[in-house]
Each structure stands twice: as structure tokens, then as C-alpha cells.
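1. below: sequence and its predicted model.
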Amino acid sequence: MRTGEPLPAVGDVLTALATGLWHWDTATELVTVDAEAARLLGLPAETTTLTQAQARARLHPVDWNEITGVVALAVSEQTLAEVRIRIMDEHGRIIRVVRSRSKPTYDRRTRSFRLIGTLQEVTEPTPGTPAGRSAVTGDWRRSREAFLLDAGRALAEARSTEEVLRVAAGLSMPGFSPAELAVFGVQGDQLTVIGHHGPELSAEPPFTQMPLETDYPAAEVVRTGRAIYLSTPEQYRSRYPVTWPLAAHYDRRSWAYLPLTAGGRTMGTWLAVFSYPVAFTPDERAVLATVARMLAQALSRAGAAETERALTDDLQRSMLPTLGPQIPGMRVAARYVPTGGGLQVGGDWYDMIPLPGGTSRTRDGNRRFALVIGDVQGHDVRAAGLMAQLRIALRAYASEGHRPDAVLSRASRFLHGMGGEAADLRFATCLYVEVDPATGVLEIARAGHPDPAIRMADGTVLTRPTEGGLPLGIDPDADYPTSRILLEPDETMMLCTDGLIETGGHDLETGWRRIRTILEQHKGDLEELADALVQGVHGPSSHHTTGPLADRREDDIAVLLLCRPSEGSPDAVTVQPPVRRTVLAVAQTEPERVAAARQQLRELLHDWAYPDQVDSAVLLLSEMLTNVLLHTDSDALLRAEVRGEKGDRRMRVEVTDPSDDLPHRRRPGELASSGRGLLLIELLAHAWGVDPQGEGKTIWFELYESDDSDIPVAP
């Protein structure tokens, strides 16, 4: 063409380049093609209009699905849509492969696509090559990037070696797919198969255990850290004649051995085997090398996680004791759930300690034993280590025959002496209970730990306020007073760490309400109750409710349950209508325990029919305890009990003190600040009295639930 001459028509240029032109409107479902495009579709070489169904019949059905996906993607990204398509004849045979390039647009009003594009024949793939085997994607590079993103995400989410190998076996690489995959690892100076997808290797033992010096591609990759690509059997046979018979057994055509490198160290070899010849172009090698790097990182992470889990399991098994044989007259159950910390271990622990003989032996020959539960500050390896040492120290002090207060005092001194730098000082809460199986007497010393809870035989749950001291390790000279309570037949005591109460976004108040509900409503044996407590706070979301503190971090959980079954009863948390009873000491130096006594009485009367009577009982108890603390120099002892069937029960409240001075009625003036205690008791109680004793006296009152015709009400 000379300068200045007009340009040839677009159609003539396309015809000269053996390129056809086509137009497709999905709204009308019509496809218009020029003569060259018609020829490429296997039709007479003339301009024609086809229905969408007629055009679709000329294309491979798999490639038609590929077209729709590429077109939608091109519209969203405002780019060209490029697709390689296999053209079929009337008998379903592939006659050629063409490349289509088009500019699609989308009409929102008609919700249809319009495409104007070109068709051009490309070299037909050789039979057995990837293009001859499977559908050709619209944009190979884009498909490769999408594949690598998906593969990276799947491998990153795999949490175990088995899962990593399963993901690797399921990878479908764009344009070519291995018929067999294997992952080789290194154990000592031997190569071993740690994962495989394809024919079984059991018939060929040399593959599973092979010295690294062997003239085998996978071993050479481990030694050198360089990939090996073998495109043909001839290449394999000439380069590795010694081990070629092992590979020849499987009748493959191409092999790729890639190093699995993590942290600068070659940890193994990834093998991809193909049943057809592969040239291993730079693009194909890039894909394989990228997958190998991701696979190595995933295997390294999974191996580290499995090692960490194995360390955690061993650490937990070594630190947590078994409860051993059950003690006659008592039943014990325990649970530990690690929910915090990197290694999934923390500072929570429990223990059951047989106490030495002598005075510790009960009347029926059963030895006393001690239950211990505690929590070392922190959720790391140091907390776990301190917990193990503290547990050993407590066991040693208890085995020497010391009383509960002495055991905790010595343990506090021990933990304080282990403190390192000031920034890493740790403390621990602890609850130590010495149990007499014959009498049910529990002697309790507490170091900053939550109080025990008692589930009575009828399902009523009370917290038992006990005297306590500072957490262990804060003050080496701290005192830990001992409280004594009685565990009645068919009652269950629960000891727990704060993780059971506060897990799931709960504070102490809302968390305790949740635990109380589980304790009150559960019917079953002790082991089932332990499972229910853990499931209620740490199981699936269907088992528990989230607390008001949704951002509160999780904590470890330790639970100890002690049940004193009645004679002849099975090991079960029974529900019967027995006597409810609570006992609480109020010392002169602890007037704040008056509030704890009021709360104890309210919990004891939680299902009393008449709330006004409960208010009256709490008021009278407060008056009686306050009088002892104000008018004597001694401590007070509260005993409260409820007897009878629901609806016909009697409540009796007693306050005992060692003073011999008997109370007497007075007529206080209008402005007097005292002197109304007995008047209130006489007014509000159904019955009351004062019982002198050998030393001291007991003031008591009773209220009856059965008769509501004349219910005393607090003014």
C-alpha cells in the first residue's frame, strides 16, 4: 500500500489475517458471524446469523461454561475477555481450537450482555497434552494467579500435617494436573515418605526408607536444595539409571522434584508426577516452585503446631494428677480445661492428697485426705512451671501432717522465696480442704480463692463464706485461719477456679448465677455434673449464654466436686426433701460477715413461699448477730435450718455466743438507738426463746410456711 492511499476495510484486514468477526446479544439470543468466523465454526464460509443454541452446539460444552465466567469477570473488571475454545463437528469431534477476544458490555435495563469480538485459530494441541485433555481457561495467567491465591489460603488454614497433605493432594493446577503427588521428609540420614496421593507404595519398600546418598532425584534435591525436572522417561533413565526401575514400574511420562525449604533449610522434597509429557515451561516451573514454597511453609507451621500440642499434652499429663481410688464414704470428680495461653497450659491445678496416719485416721479405718485447688497468676509456661512446683510443695507440707493453716502459710513462704525480678513476681490463689470421710467434717483454709459452694440434697445451692488470707506469695508471714463446716449426707461441695465463673464474658455475679442454675437443675451422678458444669461455660454456644463482658479474655477452668452419699444411696446427686442447714461463725474482728450471714439465710430460703417472711427472718438475724457483737466481747455462731415438705416447712434460726448474760426486754424511748431486738423477735416470729447452756446461751426463733393467715411482716 502506498502512502496517501486509503486504508483497507476492516473486514479485508481481518480476512487477510485469518481472523473472523462475531457479535453476540444475549437479550435476543442471536449470534452473528462473518464468513471467516463461520468457517472457523465449521460452517459454510458466509455471513450468517445463528441462534444461541446453534452456536453453543459448535463449542465444547465445558468451554461454553468457561466463556460465561470469563465474560462476567471481564465486565466487572472492565477488561477484554480472552478465551480459548474447542470447536466441535456434528459428531462431537474436536476440529480446531480458536482464540476469542471480545469487549463485553452489560445492559442493566435488559440484564443482558452484548459482545463484539474476533475468532482466530491457534495451533491444535498435541494429543496427551494439557490442552488436549481438559478445558482451556480464558486467561491462563489470571487462572494461575487465582489458583495460587486459593492454594495459599487453603494451605494457610491447614492445622495439621495430615490436613496439609490432603490439601496438597486436592490441588488442581491450571493447564496441567499431576497424576500423583508425594512428599518426602528426612529422618536422620534417611529419606522417608510422609505423604502420598496416587498408587500405593507398599509394594516398593525402597521408596519409604532410602539413604540420602542414594542416586534418586528426591534425595538429590534434599542434598542440593535445587529442583529437578524430568520431561521424558529417557531423561530419567539416562540421569538416574540406578533408581529408574523403581519409577518405571508406574508407567509415568514426566516428573518434577522440588525442594521444600523453610527458614533456609531444605526439609524435604515435593514430587509431582504426570501421566503425559510435560515440557516444564518457565510458567509451569514458576507455578510448581510457588506451590512448593507454600507447601513447605504450611508443613513447617503444622509440624511446629503438632510439636506444641504434643508438648502441651505431655505437660498437662505430667502436672495434673489422677484422683486415684475413691475414698469410702466420699465421691470425688474433677475436670481441667485449658482455654488460655499460647501453649494451652496455665496456672490452674487441683490435687487430692492422702494424709499421713496417726490422728488423721478416721474411726472406721479410712484415712483423711485433702483436696487442693488453685490458680497461679498468668497463662504462660512460667505460670505452669510455678504451678507444678507449688503443687509439689503443698503435697509435701500436707504429707508432713501440718494443719490446713500451716500448709498454706508454708506454701506462701515457699512461693514468695521463688520470686525473681520484681517485674515477674507471681502470686497464687488456693483453697485447701482437709476431709474426714467418716464425719463429713471439712476444715478449710483459703488464700484469696473463691469460696466453696454446697449443693444440698434437695438441690438448694449455697456459697459457704470461709475465713481467708492473702493469695500465696504476697506476704511470707501471712496467716490463714481455718473454717470448719459439715458436709451432710447427699450434699455436694464444688471447688472451682475463677475461670469456671468468668469464662464467656461473665463477671463474678452473672457467672455465679449461671453456675448456680446448672447445679440446681442437674440430675445425675457426680461425673455427669462435672461434665455439665464444663459444657455450660465452655461447650458449644447452644449450651451457654454470653455474659455482659463480651471482650473479656478466656481463662483456664479447674473444677473439683466432693459428694458425701448417704448410706445405701448410689453415687448420684439425688433430689430429696431433707433438712437444709447452714452454719456460720461471725467473729468480733469481722463484723462484715453479718452481711454474709444475711446472704446465707436468703439463699437457704430461696424458694420460701412468702417473701415477707424471708425479709423478716433476715431482719431478725441481723438484730441477733449485731447484739452479740455490740454487747459482748465474744464471737457469734449462726445455725439455720429448714425442715419439712415444701409448703409445710419450718425455719429455725439460732445464734449462739459464750456470754452468760441473758437478754431482757426493754422499753426504748423514741430516740433510743438500741433495745428493740427482743421486741422485734416477739412481734415477727411465730416462736422464739433463749436457751442457757453450760457456757453461754442460744437465742432462737422459728417461722412457719404452712399458715399464711397470720404471717408476721417486718414493719
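-> Structure received.
2. same question for stretch 526-542, mean pLDDT?
-> Across stretch 526-542, the average pLDDT comes to 79.
3. in that stretch, which residues are buried?
-> Neighbour counts over stretch 526-542 (16 or more other C-beta atoms under 10 Å) mark Leu526, Leu529, Ala530, Asp531, Ala532, Leu533, Val534, Gly536, Val537, His538 as buried. To be clear about C-beta, it is placed using only N, CA and C from the backbone, and glycine gets the same treatment.
4. again, but for stretch 212-220
-> Applying a neighbour-count criterion of 16+ other C-beta under 10 Å, one finds Thr214, Tyr216, Pro217, Ala218, Ala219, Glu220 buried in stretch 212-220.
5. residues in contact with the residue nearest to Gly468 when sequence neighbours are not counted?
-> Distance criterion C-beta to C-beta, 6 or more residues apart in numbering; nearest residue to Gly468, sequence neighbours excluded, is Arg446 at 3.5 Å. Going by C-beta atoms under 8 Å, 6 or more residues apart in numbering, Arg446 touches Cys430, Leu431, Tyr432, Thr466, Glu467, Gly468, Gly469, Tyr480, Ser483.
6. parallel or antiparallel, list what pairs with the helix or strand that contains Arg446.
-> Using DSSP states H and E, Arg446 sits within strand 441-447. Note on strand 441-447: by DSSP bridges, its sheet partners are strand 428-435 (antiparallel), strand 468-469 (parallel), strand 482-486 (antiparallel).
7. centre of the chain to the first one, how far?
-> This means strand 428-435. 28 Å (C-alpha atoms, centre = their mean, to the nearest Å).
8. cool, stretch 496-513 as well?
-> Offset of stretch 496-513 from its chain centre (C-alpha atoms, centre = their mean): 17 Å.
9. could I get the buried residue list for it?
-> For stretch 496-513, the buried set under the neighbour-count rule, 16+ other C-beta under 10 Å, comprises 496-506, 510-512.
10. what would those look like in TSV with pLDDT?
-> Formatted as TSV, the buried residues of stretch 496-513 follow (pLDDT from 0 to 100):
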residue	pLDDT
Cys496	92
Thr497	90
Asp498	86
Gly499	84
Leu500	87
Ile501	86
Glu502	80
Thr503	76
Gly504	69
Gly505	70
His506	76
Thr510	82
Gly511	84
Trp512	87
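11. export those residues to TSV and tack on distance to Ala298 and secondary structure?
-> Shown next, in TSV, are the buried residues of stretch 496-513 (distance: C-beta to C-beta, whole Å; DSSP: H, G, I helix; E, B strand; the rest coil):
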residue	distance to Ala298	secondary structure
Cys496	39	strand
Thr497	36	coil
Asp498	38	helix
Gly499	33	helix
Leu500	36	helix
Ile501	39	helix
Glu502	36	helix
Thr503	32	coil
Gly504	32	coil
Gly505	33	coil
His506	37	coil
Thr510	41	helix
Gly511	39	helix
Trp512	44	helix
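12. can I get the residues you listed in CSV including distance to Arg159?
-> Below are those laid out as CSV (distance: C-beta to C-beta, whole Å):
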residue, distance to Arg159
Cys496, 30
Thr497, 28
Asp498, 30
Gly499, 24
Leu500, 27
Ile501, 30
Glu502, 28
Thr503, 23
Gly504, 24
Gly505, 26
His506, 29
Thr510, 33
Gly511, 30
Trp512, 35
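13. between those, which is nearest Asp660?
-> Trp512 (40.6 Å; C-beta to C-beta).
14. which residue packs closest to the closest one, ignoring adjacent ones?
-> Leaving aside its chain neighbours, Trp512 sits nearest to Ile501 (5.7 Å; criterion: C-beta to C-beta, 6+ apart).
15. closest to Leu629 among the buried residues of stretch 526-542?
-> The shortest gap between Leu629 and any of the buried residues of stretch 526-542 belongs to Leu533, at 37.0 Å (C-beta to C-beta).
16. hang on, isn't that closest one packed against Ile518?
-> Yes - using C-beta atoms under 8 Å, Leu533 makes contact with Ile518 at a distance of 5.7 Å.
17. any idea which of the strands paired with strand 441-447 is most buried?
-> Highest mean neighbour count of the strands paired with strand 441-447: strand 428-435, a mean of 26 (counted as mean count of other C-beta atoms under 10 Å).
18. which strand runs longest in the protein?
-> strand 94-107 (DSSP state E).
19. buried set for the helix or strand following it?
-> As assigned by DSSP H and E, the chain's next helix or strand after strand 94-107 is strand 112-122. Neighbour-count burial for strand 112-122, counted by 16+ other C-beta under 10 Å, picks out Phe113, Arg114, Leu115, Gly117, Thr118, Leu119, Gln120, Glu121.
20. switch those residues over to CSV; also include pLDDT.
-> What follows is these, written out as CSV (pLDDT from 0 to 100):
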residue, pLDDT
Phe113, 87
Arg114, 89
Leu115, 88
Gly117, 87
Thr118, 87
Leu119, 87
Gln120, 84
Glu121, 82
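21. list the contacts of Ile699.
-> Met624, Glu654, Val655, Pro663, Ile681, Trp688, Gly689, Val690 are the contacts of Ile699 under C-beta under 8 Å, 6+ apart.
22. so which strand or helix has the fifth one?
-> Right, Ile681. Using DSSP H and E, the element containing Ile681 is helix 677-684.
23. one more: the third one?
-> Taking DSSP H and E as the definition, one finds Val655 inside strand 650-657.
24. can you list contacts of that strand?
-> Outside strand 650-657, the residues that reach it (C-beta under 8 Å, 6+ apart) are 601, 605, 608, 613, 617, 620-621, 624-625, 628, 632, 634-644, 693, 696-705.
25. out of the residues you listed, which are inside strands?
-> Assigned to strands by DSSP E, the following of the contacts of strand 650-657 qualify: 636-643, 697-704.
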